[in-house]
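Student: what would the 3D arrangement of this be:
(2 chains)
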Amino acid sequence: DQQVKQNSPSLSVQEGRISILNCDYTNSMFDYFLWYKKYPAEGPTFLISISSIKDKNEDGRFTVFLNKSAKHLSLHIVPSQPGDSAVYFCAAELSNTGNQFYFGTGTSLTVIP
Amino acid sequence: DAGVTQSPTHLIKTRGQHVTLRCSPISGHKSVSWYQQVLGQGPQFIFQYYEKEERGRGNFPDRFSARQFPNYSSELNVNALLLGDSALYLCASSLFPPSSYNSPLHFGNGTRLTVT
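Tutor: Numbering: from 1, shown residues only, chains lettered A, B, ... in the order given. Okay, the predicted model is just below:
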């Protein structure tokens, strides 16, 4: 049973424009959410996170939004750069399980120069 | 500083064989987790170890086992390999204990296991 879902397998965006990656979850007990970026032949790299007590967290070009009522998470990248082309995974953690993350299936982002 | 290191990077095994995968966490990290990533899917949690004790186990059969050593490195063992065990096996470490809040995982580059 997939508790974290990324319904868009791929996304293409022009360089300089905004990239919006979406993630939905089903378990209301998730209380910590993260985004990871993965290049081929490398492990996932931590990008940005947000706890369930917040609705927005920003780090440079990356902003994560959390809508708990809709059980929806999104990652905004502004402006998008060709180096952002990668697979992006969202992940969620159940409270008190410590580091047991549930991952989505990933969205492959291509930023076109 | 070195990141999470995993060995070997690639491995080919035959059905029924046994495999051992190794992981060294980031220096100072005491928590190690193992994830399996099948092609086209996201990583799936297998095990977590903290201070040499198992702190969590995912929905995997008993053919999968792991341990953590006094230097916090870890091994993942898989017995009686099946074709379906072919995947990328990722090791991740984190700084804080499992009960800590907001502790992201830092992943290695993984071991690509192919079972024929």
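
Student: can you give me the distance of the most centrally placed residue in chain B to chain A?
Tutor: Closest residue to the average C-alpha location of chain B: B:Trp34 at 2.7 Å, with Cα atoms, centre = their mean. Applying Cβ to the nearest Cβ, to the nearest Å, the value for B:Trp34 to chain A is 11 Å. For glycine as for every other residue, the C-beta is placed from the backbone atoms N, C-alpha and C.

Student: just the pLDDT at that residue, thanks.
Tutor: On the pLDDT scale, B:Trp34 is placed at 96.

Student: one more: B:Pro98?
Tutor: Turning to B:Pro98, the model gives it a pLDDT of 55.

Student: now do A:Ser19
Tutor: With respect to pLDDT, A:Ser19 has a value of 98.

Student: pull out the buried positions in the lowest-mean-pLDDT helix or strand in chain B.
Tutor: Lowest by mean pLDDT, DSSP states H and E among the helices and strands of chain B is strand B:53-57, with a mean of 89. Across strand B:53-57, burial judged by 16 or more other Cβ atoms under 10 Å in any protein chain shown covers B:55-57.

Student: same check on stretch A:48-56?
Tutor: Neighbour-count burial for stretch A:48-56 [16+ other Cβ under 10 Å]: A:48-50, A:52.

Student: for stretch B:40-60, same thing?
Tutor: By neighbour count on 16+ other Cβ under 10 Å, the buried set for stretch B:40-60 is B:42-50, B:55-58, B:60.

Student: restrict those residues to those near chain A?
Tutor: Among these, proximity to chain A is found for B:42-45, B:48, B:50, B:55-56, B:58 (Cβ under 8 Å from any Cβ of the partner chain).

Student: quick one: name the residues of chain A near chain B.
Tutor: Residues of chain A lying near chain B (Cβ under 8 Å from any Cβ): A:4, A:6, A:32, A:34, A:36, A:41-46, A:49, A:51, A:89, A:91, A:96-106.

Student: look at the residue nearest to the centre of chain B and give its secondary structure.
Tutor: strand (DSSP: H, G, I helix; E, B strand; the rest coil).

Student: so what's it up against?
Tutor: B:23, B:45-48, B:66, B:74, B:76, B:89-92 (Cβ atoms under 8 Å, 6 or more residues apart in numbering or on different chains).

Student: again, only this time at 7 Å
Tutor: The contact partners of B:Trp34, by Cβ atoms under 7 Å, 6 or more residues apart in numbering or on different chains, come to B:46-47, B:66, B:76, B:89, B:91.
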